[in-house]
Structure formats: structure tokens, C-alpha cells
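# next one to model:
(chains A, B, C and D)
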There are 4 protein chains.
Amino acid sequence: MNITAFIGSSRAQSNSEQLTDYVLEGIPHTKIYVKDLHIEPIHDLRHDANGFQAVDDDYDQIIQALLTSDVVIFTTPIYWYSMSGILKNIIDRFSHAIRDERYPQLKEKLSTTEAIVLAVGGDTPSIKGLPMIQQFRYIFDFLNMPFSSYIIGEGNQPGDIVQDERALAQAAILNKQLKAR
Amino acid sequence: MNITAFIGSSRAQSNSEQLTDYVLEGIPHTKIYVKDLHIEPIHDLRHDANGFQAVDDDYDQIIQALLTSDVVIFTTPIYWYSMSGILKNIIDRFSHAIRDERYPQLKEKLSTTEAIVLAVGGDTPSIKGLPMIQQFRYIFDFLNMPFSSYIIGEGNQPGDIVQDERALAQAAILNKQLKAR
Amino acid sequence: MNITAFIGSSRAQSNSEQLTDYVLEGIPHTKIYVKDLHIEPIHDLRHDANGFQAVDDDYDQIIQALLTSDVVIFTTPIYWYSMSGILKNIIDRFSHAIRDERYPQLKEKLSTTEAIVLAVGGDTPSIKGLPMIQQFRYIFDFLNMPFSSYIIGEGNQPGDIVQDERALAQAAILNKQLKAR
Amino acid sequence: MNITAFIGSSRAQSNSEQLTDYVLEGIPHTKIYVKDLHIEPIHDLRHDANGFQAVDDDYDQIIQALLTSDVVIFTTPIYWYSMSGILKNIIDRFSHAIRDERYPQLKEKLSTTEAIVLAVGGDTPSIKGLPMIQQFRYIFDFLNMPFSSYIIGEGNQPGDIVQDERALAQAAILNKQLKAR
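Model prediction:
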């Protein structure tokens, strides 16, 4: 089972990455640090006569990960009540990716790729993070990806997540479920 | 009355910009095209000993606009059920801006700056755009900005927005209200 | 075209009913005042060996309306951020109705019955009424009913709705659309 | 510490009640079965010259519970993506209760009464139950009640909740937290 985690934080060793580490403890996986990639924002050319143009950046690493993973984890801090802008730029580029002639198999592959969301926020995330979860649901529905689970943790200062007993309990259960496959 | 519209689309003459033009017809205003600015993503250094570091990009234009506007319009296409990534990066940087020692007056200024959201999407935006509206509400609440109104339009192909009679009627009312001040 | 409006307010001449009157001006329709019906709450017997039992109340009027209407309007005040409890009891009983052997055609009929929601609330309904709209969407999706549109008006004191220019403009457009069929 | 659970299910030994039992295991508490009370729906007389009129039903039991509890648990099955209609009728009557001259202390009391929501649903409740959670948040915000936590469980057939490992883990943590006070 191939698991890739897209780490959407702007910080190293962020709370959201730590939560991901709990979920993936003892399980082989790949992490992609979004902050370390050069990703151009989408240029929406869906309606242009020539369609989307090739973009010279690191996005192919994202596509390769999507094409080779059974489970994709979207790890994000909750910045201003939604995913980080750098992760959002990754998502926005899906509009191009699913039309990219080099990857005709992408859409079908995604329909069997399980999606998980792991998010940590500081301002009442169990309530104010819910619109973001609803958006991820719409995203995965559009891509026909099974959205198997999400965890919302609470944390502000670096390391806070280890105090969120509820998030850690959910991480432990998810860890066990992933191991059992 | 100073009005600034942040245009969050990746396209020129986008549906969301057109909707903004209806709202601002006959009213002096400034437009800032986010896609034409060089904006670095946030590097979250809130908890770093040295705090945020100066960033050499165009963000000061955003701050100047916020400091001098009575009304700020956030114009965005609905990409994947939320604001565009490039606009989200602008929002993410608020975390730095409100702590920027060069602009000690920013937070107080925002508390009297009216916020408006104009969004256009293609996939049932009147339903699937609602989480984004809830997020804007949380954003403006955090910043203590009055969130006076929003319009969600429907459009996919360029120019579609002119067919959305309901969005245009709301734009006309908002136009009249802004003129009446 | 048969149109039925379920009026979910506890008051006569409520703001939500007035909004409905704007939408239906000059269009033949039937109103059912939920407050005047005797409706038992659902008794969830889905998993009981004998299934649901016949209930002796006025619910058959609801079912008859659903079976004979092309458009069904759910009119509700926003009480505590969602539909009124008396209207919710009507909705809850759907669980029984769609399993009622006397009405085997109900589910199929609903799949061609257009649903409209008209709601008026007093506490920032354009934001705090949105979860209710999302719920109606889920309800209509489950029943496979096309959810063609909704209007959220603002009002607190009786008659306030006439001041909500935006809601009235939307009502006028919907009125025109219904007349054009 | 006084704890009261309002049980909003229409069934005996419902999944949502079972979840409540896990949360309250070994902790003294009172249960009020909403289905067994005679509660009139709200008659909104806020704007009537004479105001609300005394209602002859069992609602005083609700008010007494609110006045004497440190923690109030709202237990509900998720019927059609929100709380049950019978529980909603209890909530709707708050409009009357907080204006009831016999209970001038109610509003202040609520501001120190902790609220917990325990809900179980069958149709993707971790996503489709979120608007209901947002509504409870608005309700508790309006009443100034601290909303300390919620658990959403999944279950359809009676007893299903015992299979929802995640909900049970959260219940165990909440149980421990309540015991520690």
C-alpha cells in the first residue's frame, strides 16, 4: 500500500505534520513538503482556444504521487479557517492536471485513491474548521475520490498537538486501521 | 469614499471581475489584480524568537490599499469550492501584516473597513460556495471587519455571469446602496 | 402547474409567508399552514419487526400535496438557525411516508417535484441561515428532488421583510420564472 | 456537578442514547426523554402586545433542568441531517423561556452551563452532520453557553454505535474529563 502525505504547512515540524506522524507511525509512506516545491498558481485556460499550456515547475511530482498512491493525505494547518494558500494552489492546479494529455489515466486513478485530511488549527477548529472539511468533501466528490476520514486537531504553539488527547486518539485508531490493511 | 477591489481571478475579464464591474458601475474605485502581483506565501513565524521577517515582494500594495479604503471588495472565482489560491495567499499573509511593526494602525483601521465578497462559480455555487462564505465571515470576524454583503454568481464560460439575473439584480441593489452613501 | 407552499411559521402573516406571497403573486397555488395541522412526531420504527404503524393525524394532507404538486415550497421562519420544529416534524415523517405502502408512487413522484426554500430570520440570516440551506440540500438530494432555488430574507418585527430589497428582488425574479413556465 | 441529558430520539435505547451512556458511565446524571414529554411547539408571540402566554405542558421540566444543571447534554439522532423535530421544538421554546417572567435568572444561569452535543446518524454523519453542529454553535453562542464538545457517531441499525470505534474513543475521553472535575 502506497501512502503519500502532502504537507501543507509553511513551518518545519508543524503541528499538522506531527499529527500526520502519529497517524503514520510504523507505516511506510512518502511525505511531500509543499513549501519546498516550486508550484505556479493555476492559470485558468479551460476556455482558451489552445487550452492549458505546459507549466515548468514541480507540479509533476504531485501528479506522480497521485498516480502511484493508494492513500493520499492532505495535511494542512488551518490558516484563516481553511487550508494553506500553498496547498490551495496545489488543489487549484487539479483543473489543469485532469485535462493534461500526458496523464490520461489520472482521473480514473483518483477514483480508487483514498483521501484523508489531517488539519490543525488554533481558533476553535472543531467548529470553525468545518467549512474546510465540507470543501474537501466537495473536492473529493468532484474527483470521485473516496474520502475515508479526517481529523481536526487543536494547536497554536509548536508542539501543542500532543496535548489534544482527542485528536491523538483518533490518530491512533486511524493508524491501526491503516496497518490492518 | 475609497473602494478597493482585490481581483482574485487568474483570468483577465473573468466572470467575477465582471460581477464586480456591475457592482461598481459609475462609482470611483481602484482594482488590484492579485495575479499581477508578486506575493510570497506566508512563512508562519509567529512563534519564532525573531518573529516575522521583512518580505521583499508586492504585499505592501495590499496593506496600503487596506489602510486607505473605506470598502474592500474580495472578488474571487470559486476554484474548487473556495477562493483562489492566489487570493488565499493574500489572506494568509494577514497573519504577518497585523503584526508588522511598520503598520501599527492596521488592525484598528480594519475594524472600520467594510468587507464585501463577490464570487462566481460553476458547480452549484449557491450551495457549494456557502462554506467559503462562512470562512470569509470567520476571517472578517477575527479582523473585526464589518462584513456588509456578498453575492454568489453562477458562471462557467467567460461572460456567463451576464445570464445570472439574480446575481445582477443583487449587484444593482448593492451599486445603488454604495452610490447612496 | 401545481404549486403547494408549506407554511412553517407559528404566526399568522409571518414574514416568511409574506415573502412567499411575493414569490407567488398572480400565480395559482395552495398553502398548507403547518401550524394548523395535527401532526404526530415521527416514531422511528424502521428497524422494528412490524415496521411503521399507521398514524391517525393530518399527515395524509402533506402526502397528497406532495403527490399532486409540480413545485413544493418550504416556507419557514429561521428559528434558532434552522427550520421551525413544526416543519421539522413534517420532514422527519418523510422517513415513514416513503415507506408507506399506501403511497408506493411517492418516491418516484418526488424525483420530478421541484423544491424551493423561502426563509426569513432575524439574526444575520445571510450567514447563520446557511447551515439550514445545506441541510435542505441534503434532504432534497436524498429524496432526489431538484432543489431549484432558495431565498433568505431578513426580518424580525412583523412586516420587516418588505424592507429587504434584496430578498424582494429575488422574489420578483422567481415570480417571473414561475410565471414563464 | 449536576448533569442532565435531554434524549431527543423517538426510539427507546437509541444509538444516540447509547453513546450518551458511554459518555456518562459511572457519573451521576439525569436523563430527560423528550419523547415522553408533552411539549407544545412555540407560538411566536414576541411581537404581540401581550407577549408570550403561559403554556400548560411539560416544558417547566426542561427549564428546571436548565436551572439546576452544570452540564447539559443534547442527545439526538440525526434525522434528515439535523436534530429531531421533537428536540427542535424544545429549542424553539427557548424564545419563550428566556422571556418568561417566572424565570428571570435563566439567561444568566445558562451563561455558566456547559453544553455538549451527542449525535448519531446513518448517512455520512461526519460530513452531513456538520451543519447541525454549526447550528448548535450559533444556538449556544446566542445563549452565551459554553459549547465544550460534541461527538458525532455513525449508526443505522439499533446498536450500531458500538462498532464506531472513533466515537467510542471520544466518549471515553469525555467520560474521563467529566469524572476529573
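
# look at residue A:76 and give its secondary structure.
Local secondary structure at residue A:76 is given as strand here, using DSSP: H, G, I helix; E, B strand; the rest coil.

# ok, the residue most central in space within chain A - contacts?
For chain A, the residue nearest the mean C-alpha position is residue A:74 (1.7 Å; CA atoms, centre = their mean). Under the criterion of CB atoms under 8 Å, 6 or more residues apart in numbering or on different chains, the contact list for residue A:74 reads A:6, A:8, A:83, A:87, A:115-118, A:136. C-beta: built from backbone N, CA, C; applies to glycine.

# which members of those are positioned in helices?
Using DSSP state H to define helices, the subset of the contacts of residue A:74 located there is A:87, A:136.

# and chain B, which of the contacts of residue A:74 reach it?
Among these, the ones lying close to chain B by the criterion of CB under 8 Å from any CB of the partner chain are residue A:83.

# what's the closest of the contacts of residue A:74 to residue B:25?
Among these, residue A:83 lies closest to residue B:25 (CB to CB), at 34.5 Å.

# these two touch, right, the closest one and residue A:91?
Yes: between residue A:83 and residue A:91 there is a contact at 7.4 Å, judged by CB atoms under 8 Å.

# compare neighbour counts for these two and give me the winner.
For residue A:83 versus residue A:91, neighbours defined as other CB atoms under 10 Å in any protein chain shown are more numerous around residue A:83 (31 against 23).

# not counting residues beside it along the chain, what's closest to the more buried one?
What sits nearest to residue A:83 in space, not counting adjacent residues and going by CB to CB, 6 or more residues apart in numbering or on different chains, is residue A:76, at 4.2 Å.

# go through stretch A:144-162 and flag the buried ones.
The neighbour-count criterion (16 or more other CB atoms under 10 Å in any protein chain shown) identifies A:145, A:147, A:149-155, A:158, A:160-161 as the buried residues of stretch A:144-162.

# what sits up against stretch A:121-134?
Everything outside stretch A:121-134 that qualifies as a contact, by CB under 8 Å, 6+ apart, is A:77-78, A:81-83, A:117, A:119, A:150, A:152-156, A:160, B:81, B:130-132, B:134-135, B:138, B:142, C:134, D:127, D:130, D:133-134, D:137, D:147, D:149-150.

# in a markdown table, list the contacts of residue A:74 along with distance to residue A:64.
As requested, these are arranged in a markdown table below (distance: CB to CB, whole Å):
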| residue | distance to residue A:64 |
| --- | --- |
| A:6 | 12 |
| A:8 | 18 |
| A:83 | 21 |
| A:87 | 17 |
| A:115 | 17 |
| A:116 | 19 |
| A:117 | 21 |
| A:118 | 21 |
| A:136 | 22 |
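
# now, which of the contacts of residue A:74 sits nearest chain C?
Distance to chain C, by CB to the nearest CB, is smallest for residue A:136 among the contacts of residue A:74, at 14.8 Å.

# okay, now that closest one: neighbour count?
Applying other CB under 10 Å, we find 27 residues neighbouring residue A:136.

# tell me the pLDDT of the residue in chain A sticking out farthest from the centre.
Relative to the mean C-alpha coordinate of chain A, counting by CA atoms, centre = their mean, the farthest residue is residue A:49 (31.5 Å). Residue A:49 is assigned 87 on the pLDDT scale.

# quick one: contacts for it?
Counting by CB under 8 Å, 6+ apart, residue A:49 touches no other residue.

# roughly how far apart are it and residue C:64?
Distance of residue A:49 to residue C:64, given as CB to CB, to the nearest Å: 55 Å.

# and residue A:174, by the same measure?
49 Å.

# residue A:51 too?
Taking CB to CB, one finds residue A:51 at 53 Å from residue C:64.

# near chain B, which residues of chain A?
That would be A:9-11, A:14, A:35, A:41-44, A:47, A:77, A:79-86, A:88-92, A:94-95, A:123, A:128, A:130-132, A:134-135, A:138-139, A:142, A:157-158, which are the residues of chain A within reach of chain B (CB under 8 Å from any CB).

# show me which of those residues are buried.
Taking 16+ other CB under 10 Å as the criterion, what is buried in the residues of chain A next to chain B is A:9-11, A:14, A:35, A:41-44, A:77, A:79-86, A:88-92, A:94-95, A:128, A:130-132, A:134-135, A:138-139, A:158.
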